[in-house]
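S.K.: Below are the sequence and a predicted model for it; my questions follow.
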Amino acid sequence: MPVEITILAWGMVLLLVHIFAAGHAKTKQYGPKWNMGARDESLPPLNPVAGRLCRAEANYRETLPLAIVALLGVVLAGRTSEWTALGGWIWLGARIVYLPLYGFGVPVVRSIIFLASLVGLLIVLWPLLGL
């Protein structure tokens with residue numbers, strides 16, 4: 001099995017981590033009744049940590065489709081290489097580091113790590129662009 005598929009599988013595990021981290025933080029603030037309810041009521045704004053975890057999840061969900069297309073694309077096109085594997089691992093590693101940095105509110109470094117994840121994706125996409 002191509003390593004790019006393994007990277008995607010771990011990327012899906014990371015998605016679950018994002019979902020549960022944000023959900024746990026919201027439940028901690030709003031309570032289990034809110035979590036198990038219809039969630040129709042108006043709520044106060046999230047506390048800073050819960051808000052950051054929700055924004056980190058949203059950010060991951062926004063960029064995950066790019067990773068899926070890039071990593072599946074190189075596999076389907078038969079364009080996998082050591083470079084596409086490296087780019088995939090850079091993307092995944094950076095995204096793993098990004099979540100706690102965002103959760104703890106670390107500025108600047110978080111943005112640099114995000115850019116590193118984009119560089120990883122560009123490394124994977126390069127062979128698909130035919131350049």
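M.R.: Perfect, I can see it now.
S.K.: could you pull out the helices for this protein?
M.R.: When assigned using DSSP state H, the helices of the chain occupy the ranges 3-30, 32-36, 48-76, 82-103, 109-129.
S.K.: Averaged over its residues, which helix or strand of this protein has the lowest pLDDT?
M.R.: Evaluated with mean pLDDT, DSSP states H and E, the helix-and-strand set of the chain has its lowest mean pLDDT in helix 32-36, which scores a mean of 88.
S.K.: Would you mind listing where the chain has pLDDT under the threshold?
M.R.: Low-confidence segments of the chain, defined by pLDDT under 70, are absent.
S.K.: how about it, which residue sits the furthest from its center?
M.R.: In the chain, the residue that sits farthest from the middle, by C-alpha atoms, centre = their mean, is residue 41; the gap is 28.7 Å.
S.K.: Of all the residues in stretch 58-65, which ones are buried?
M.R.: 59, 60, 63, 64 (16 or more other C-beta atoms under 10 Å). From N, CA and C alone the C-beta is placed, and that goes for glycine too.
S.K.: Same list, the residues you listed, but as a markdown table with distance to residue 18 please.
M.R.: Written out in a markdown table, the entries for the buried residues of stretch 58-65 read as follows (distance: C-beta to C-beta, whole Å):
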| residue | distance to residue 18 |
| --- | --- |
| 59 | 9 |
| 60 | 5 |
| 63 | 11 |
| 64 | 9 |
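S.K.: now, among the residues you listed, which is nearest to residue 24?
M.R.: Taking C-beta to C-beta as the measure, residue 24 lies nearest residue 60 of those, at 15.7 Å.
S.K.: how close does the residue nearest to that closest one when sequence neighbours are not counted sit to residue 10?
M.R.: Beyond its immediate neighbours in the sequence, the residue positioned closest to residue 60 (C-beta to C-beta, 6 or more residues apart in numbering) is residue 18, lying 5.1 Å away. Distance of residue 18 to residue 10, computed by C-beta to C-beta, to the nearest Å: 13 Å.
S.K.: Cool, thanks, signing off.
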